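Sharing a model prediction with you, sequence too.
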Amino acid sequence: METNKLPFYKYQGTGNDFILIDNRSLTFPKNDTKLVARLCDRKFGIGADGLMLLEGDESSDFRMVYFNADGREGSMCGNGGRCMVDFAHHLGIITDTTTFMAVDGLHTAQWEPGYVQLQMQDVADIKEKPQYIFLDTGSPHHVQLVEDIEAFDVRGEGRKLRYGLYGESGSNINFVQQLSDSTFAVRTYERGVEAETLSCGTGVTAVALGMHNLGKTRKDTITLKTMGGILEVGFKLTEAGYSDITLKGPVSRVYEGIIEI
Ligand SMILES: N[C@H](CCC[C@H](N)C(=O)O)C(=O)O
């Protein structure tokens, strides 16, 4: 059987980990769901929460294409976007500011060594239910307050809600506990990974906006403690909803390698 050597980079942003591939040549077989799932498998492949391709784009610096660990193309990934910006900087495509295209439209970002701040799409629609809230920050997010987040069964309860409440297309499920006026602890069950991840960028963005909308905080800069580190979300509230939403936190290029496919 003929094999190809595929160069890749491994990244993590607050413990949300990704395989990144320079696909400006457009040679990666992106419809091969099984291949993407195998590359993301932690026993049979490289291992990651998702895989991303960096491609060229006519209207911006580059295009980000994101796949969940199950091999299917996902919606927006905030931590992935932050890692992508560091990757583009490493490849020499950008300097310290950039505009790039993702599945939910254009994003601007600021790079500094080890940190990336990403601007997210505006959010106008937040659904408040007695037990939870739901909003889309580029990806769909259920946000639910819990009492003892450390002891909470994120995988079990997340799985139930992801399928029970949202069906096959699903939602990401975030559990949150308020720690102070402007600090919240968050744990996330991610659809497409179908497990808890150490952190979710669009998830903590949803938590920050959701907690502000519920009146749990009056601050416009919120600190989110995830299992994999600390993220910061800033925003402005206008008549049309939340705008100038930013997600900031650490990113690191862990290693690079070559895998035969
Ligand atoms: N981990 C990602 C979210 C991925 C969303 C994905 N699980 C989907 O719903 O397609 C983040 O940092 O925002």
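Everything's here; your move.

Helices along the protein, start to end?
Along the chain, counting by DSSP state H, helices occupy 33-40, 78-90, 154-164, 201-213.

Show me the contact partners of the shortest one.
Spelled out, it's helix 33-40. Contacting residues not belonging to helix 33-40 are listed as 8, 19, 29-30, 44-51, 67, 69-72, 259, 261 [CB atoms under 8 Å, 6 or more residues apart in numbering]. C-beta coordinates here come from the backbone N, C-alpha and C atoms, glycine included.

Let's see it as PDB, backbone CA atoms only.
Provided in PDB are the C-alpha atoms of helix 33-40 (Å, rounded to 0.1, in the frame of the first residue of the first chain):
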ATOM      1  CA  THR A  33     -13.500  11.500   8.000                       C
ATOM      2  CA  LYS A  34     -11.900   8.200   9.100                       C
ATOM      3  CA  LEU A  35      -8.400   9.500   8.500                       C
ATOM      4  CA  VAL A  36      -9.100  12.700  10.600                       C
ATOM      5  CA  ALA A  37     -10.600  10.600  13.400                       C
ATOM      6  CA  ARG A  38      -7.600   8.200  13.300                       C
ATOM      7  CA  LEU A  39      -5.100  11.100  13.500                       C
ATOM      8  CA  CYS A  40      -7.000  12.500  16.500                       C
END
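
Please see if that helix touches the ligand.
No. Helix 33-40 does not reach the ligand (CB under 6 Å from any ligand atom); its nearest approach is 12.0 Å.

So which bits of that helix are buried?
35-40 (16 or more other CB atoms under 10 Å).

so can I have CSV of those residues showing pLDDT?
Converted to CSV, these look like this (pLDDT from 0 to 100):
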residue, pLDDT
35, 98
36, 98
37, 98
38, 98
39, 98
40, 98
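
Which single one of these is nearest to the ligand?
Relative to the ligand, the closest of these is residue 40; by CB to the nearest ligand atom it sits at 12.0 Å.

which residue sits closest to the closest one in space, ignoring its chain neighbours?
Of all residues not flanking residue 40 in the chain, residue 69 sits nearest, at 4.0 Å (CB to CB, 6 or more residues apart in numbering).

Next: residue 216.
Closest to residue 216 by CB to CB, 6+ apart is residue 178, at 5.9 Å.

ok, that neighbour to residue 70 distance?
Relative to residue 70, residue 178 is positioned 32 Å away (CB to CB, to the nearest Å).

what do you get for residue 203?
Taking CB to CB, one finds residue 203 at 17 Å from residue 70.

Same check on residue 47?
Counting by CB to CB, the gap from residue 47 to residue 70 is 14 Å.

From the structure, what's the count of residues near residue 99?
15 (other CB atoms under 10 Å).

same check, this time on residue 165
Neighbours of residue 165 (other CB under 10 Å): 14.
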